[in-house]
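Engineer: got a structure for you, letters missing:
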């Protein structure tokens, strides 16, 4: 979403959602917006014990008790959960697992420091929207986000991740949160009951399997954002560790768009905003595809 629609439009969404709280701030500066935004989060997440920090810095959590509390937010089930994502996290149960988490936390914090130095505009928005990053082990995932805890990212970095892998990880998870907020502002789906119907499942762009439309829509936006980050910032890796190679991701995204378009023609589940974002993804993906073709021909010609 940062690459897709830009810094200003994402910032506008945070301001719009937090507007009532921002009116109560004596100093509506950046820190005032952060406080207002977190008051907004407390209002919409009032049924849970999701913490929120008014600091402008992302907190990389090292306190074991806070980590245990944050893990609980990932165990909250909803009707739209098609997989048991909570089982992906291995709860810390020994000094050894806590030690491993501390090492992972240090790695995440170090790499975020590099990201902050190299891409200050991206991290300025990241630090406004995200309050906490916590590490917990997993055998099946590199981390995740949940709409039950907007502003909190779970990380489970692998030992072979390089700096570019951390960039893709932060891009992936941050996109989920920007999509959560964008949906709060605009609404992406006309009828959530229709999303629950397995007859309306679509093909995911990342897991490449039939899933509920909200998960599929997120996967398309995340995959597009990762590809845009590769195109505009990182370059396209030959052997990526977190996401598939660019050529495969492009193919998967186009198949996902086709799947959504087929459903939309049959049921009209996406709102105008949902369609706008999907079509924007489609345009950007075609641009990347053309760029990749030109690079291939240039290599062949040389």
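Structural biologist: The structure has been received and is ready for your questions. Predicted model only: the values in this text are computed from it and were never measured.

Engineer: helices and strands around the helix or strand that residue 194 is a member of, which ones?
Structural biologist: Taking DSSP states H and E as the definition, one finds residue 194 inside helix 192-196. Under the contact definition 3 or more C-beta pairs under 8 Å, 6 or more residues apart in numbering; DSSP states H and E, helix 192-196 sits against helix 213-229. (C-beta placed from N, C-alpha, C; glycine too.)

Engineer: mind checking how far the next helix-or-strand element following the helix it packs on is from the chain centre?
Structural biologist: Next in sequence after helix 213-229, counting helices and strands by DSSP H and E, comes helix 246-267. Computed by C-alpha atoms, centre = their mean, to the nearest Å, the chain-centroid distance of helix 246-267 equals 19 Å.

Engineer: For the chain, give the helix that spans the most residues.
Structural biologist: helix 272-301 (DSSP state H).

Engineer: where does the protein have its least confident helix or strand?
Structural biologist: Least confident helix or strand of the chain, by mean pLDDT, DSSP states H and E, is helix 64-73 with a mean of 84.

Engineer: who does that one touch, helix- and strand-wise?
Structural biologist: With 3+ C-beta pairs under 8 Å, 6+ apart as the test, helix 64-73 has strand 132-135, strand 152-155 packed against it.

Engineer: circling back to that earlier point, helix or strand next in line after the helix holding residue 194, which one?
Structural biologist: strand 202-203.

Engineer: okay, now residue 236: neighbour count?
Structural biologist: 16 (other C-beta atoms under 10 Å).

Engineer: what do you get for the one 4 residues further on?
Structural biologist: Residue 240 has 18 neighbouring residues, counting by other C-beta under 10 Å.

Engineer: Also residue 162?
Structural biologist: 10.

Engineer: Same check on the one 4 residues further on?
Structural biologist: Using other C-beta under 10 Å, residue 166 has 21 neighbouring residues.

Engineer: Then residue 90?
Structural biologist: 16.

Engineer: cool, and residue 290?
Structural biologist: Residue 290: 10 neighbours (other C-beta under 10 Å).

Engineer: again with residue 121
Structural biologist: Other residues close to residue 121 by other C-beta under 10 Å number 10.

Engineer: Identify the residues contacting it.
Structural biologist: For residue 121, the contact set (C-beta atoms under 8 Å, 6 or more residues apart in numbering) comprises residue 7.

Engineer: same check, this time on the one 10 residues further on
Structural biologist: Neighbour list for residue 131: 38, 51-53, 58-59, 151-152 [criterion: C-beta under 8 Å, 6+ apart].

Engineer: Present the residues you listed as CSV; the columns should include pLDDT and distance to residue 180.
Structural biologist: As requested, the contacts of residue 131 are arranged in CSV below (pLDDT from 0 to 100; distance: C-beta to C-beta, whole Å):
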residue, pLDDT, distance to residue 180
38, 92, 15
51, 70, 17
52, 70, 14
53, 73, 18
58, 94, 17
59, 93, 19
151, 94, 9
152, 93, 11
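
Engineer: which of those residues count as buried?
Structural biologist: The neighbour count (16 or more other C-beta atoms under 10 Å) marks 38, 51-52, 58-59, 151-152 as buried among the contacts of residue 131.

Engineer: rewinding a little: buried set for the least confident helix or strand of the chain?
Structural biologist: Across helix 64-73, burial judged by 16+ other C-beta under 10 Å covers 67, 69-73.

Engineer: Closest to residue 20 out of those?
Structural biologist: Taking C-beta to C-beta as the measure, residue 73 is the one of those closest to residue 20, at 24.5 Å.
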